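Chemist: Sequence first, then the predicted structure:
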Amino acid sequence: MLSAGPTPRVSLDTWEFVIAAENGTEHRWSWQELMALPQETPMVDIHCVTHWSKLGTTWQGVSLDTLLDGVDTGAHFALAHSYGGYTTNLPLDDLRGGRAWVAHTFDGAPLAPEHGGPARLLVPHLYFWKSAKWVRGIRLKTMDEPGFWETAGYHDYGDPWREQRYQGD
Amino acid sequence: MTEMSYLDGNMLDGPLRELFAVDMSTAMGRCENCGMTGSMASLHVFAHAPGLIARCPSCEAVMLRLVRAPDRAWLDLRGTTFLQVPMPLEQTQPGPL
Ligand SMILES: [Zn+2]
């Protein structure tokens, strides 16, 4: 599993998820509010940049389509940010179309802190460093802003089928 | 999955030897975030990641990142104010006038 630092411990009482639009408008969900939204159970293959893949993993979470519904934006880019300070950038389109979730359950059990719990981003069609652990929010951007690994040589998009690991791949 | 743990900064010696001709194991560094100055060997290194991340032992700020591709490497030292590297004694240079 990918970890850039110590595992943050986030209490569900204080946990929140925030989508900040490019005009500064913020949309916030508490843990209770997230759990009250329609839940999905994606079964997906995940691809780690260190050459392993895990097929048919089962998750539960809220689709980004649900969370972005009602967010007024003309942005094309997103920067996910996490408890602990991690960031990663993605095109906003890749968070839409039933391809991205805020996931809180893995294999039927609450997502453990070591695996990114209470909740992590799940974007299985991109390399797994884009699926930010301990996700706290998403900032919508008119300009692409590289995240933690993307400012240190990793690819801005990270398509596993094209093996886009490093800048220029 | 076990609790995430870090390695000590001595493990940076090999990976950095590829980039630097000097012995980094005796280098000192200053944390840009908290000002702590200490040996690079004292940093906390997280290696369960797409690259190596070395954090300040006092404040946990990232001081060094090293990503190694098959044909390239990236080194980010923006969290390190300076690196102090021991050098062989040489003739005193004339100072500025
Ligand atoms: Zn520090």
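Modeler: Received the coordinates, thanks.

Chemist: Could you list the buried residues of the helix or strand of chain B with the lowest mean pLDDT?
Modeler: Least confident helix or strand, chain B: helix B:13-17 with a mean of 85, by mean pLDDT, DSSP states H and E. Neighbour counts over helix B:13-17 (16 or more other C-beta atoms under 10 Å in any protein chain shown) mark B:13, B:15, B:16 as buried. Yep, even glycine has a C-beta here, placed from its N, CA and C like the rest.

Chemist: Identify, from those residues, the entry nearest to the ion.
Modeler: For the ion, the closest of the buried residues of helix B:13-17 turns out to be residue B:16, at 19.3 Å, with distances computed as C-beta to the ion.

Chemist: ok, residue A:155 touching residue A:169?
Modeler: Yes - in this structure residue A:155 lies within contact range of residue A:169 using C-beta atoms under 8 Å: 5.6 Å.

Chemist: ok, and does the host helix or strand of residue B:30 reach over to the ion?
Modeler: Secondary structure assignment for residue B:30, by DSSP states H and E: strand B:28-31. Yes - contact of strand B:28-31 with the ion is found when judged by C-beta under 5 Å from the ion, involving residue B:31.

Chemist: residues making contact with the longest strand along chain B?
Modeler: Of all the segments assigned as strand in chain B under DSSP state E, the longest by residue count is strand B:62-68. Strand B:62-68 is contacted from outside by A:4-5, A:149, A:152-154, A:166, B:12, B:15-16, B:18, B:29, B:31-32, B:40, B:43, B:50-56, B:73-77, B:79-80, using C-beta atoms under 8 Å, 6 or more residues apart in numbering or on different chains.

Chemist: those helices in chain A, which residues are they?
Modeler: A:31-36, A:64-68 (DSSP state H).

Chemist: what does the last one rub up against?
Modeler: Spelled out, it's helix A:64-68. Among residues not part of helix A:64-68, those counted as contacts by C-beta under 8 Å, 6+ apart are A:17, A:19, A:27, A:29, A:37-38, A:95-98, A:100-102.

Chemist: ok, now how distant is residue A:92 from residue A:130?
Modeler: With the distance defined as C-beta to C-beta, to the nearest Å, residue A:92 ends up 13 Å from residue A:130.

Chemist: ok, these two, which is more surrounded?
Modeler: Each of residue A:92 and residue A:130 had its neighbours counted (other C-beta atoms under 10 Å in any protein chain shown), and the higher figure belongs to residue A:130 (26 against 19).

Chemist: doesn't residue A:120 make contact with that one?
Modeler: No - contact between residue A:130 and residue A:120 fails when scored by C-beta under 8 Å: they sit 10.8 Å apart.

Chemist: Grab the nearest non-local neighbour of residue A:164.
Modeler: Closest residue to residue A:164 in three dimensions, ignoring its sequence neighbours and counting by C-beta to C-beta, 6 or more residues apart in numbering or on different chains: residue A:155, at 4.2 Å.

Chemist: Let me see the contact set for that neighbour.
Modeler: By C-beta under 8 Å, 6+ apart, the residues touching residue A:155 are A:127, A:164, A:165, A:166, A:167, A:169.
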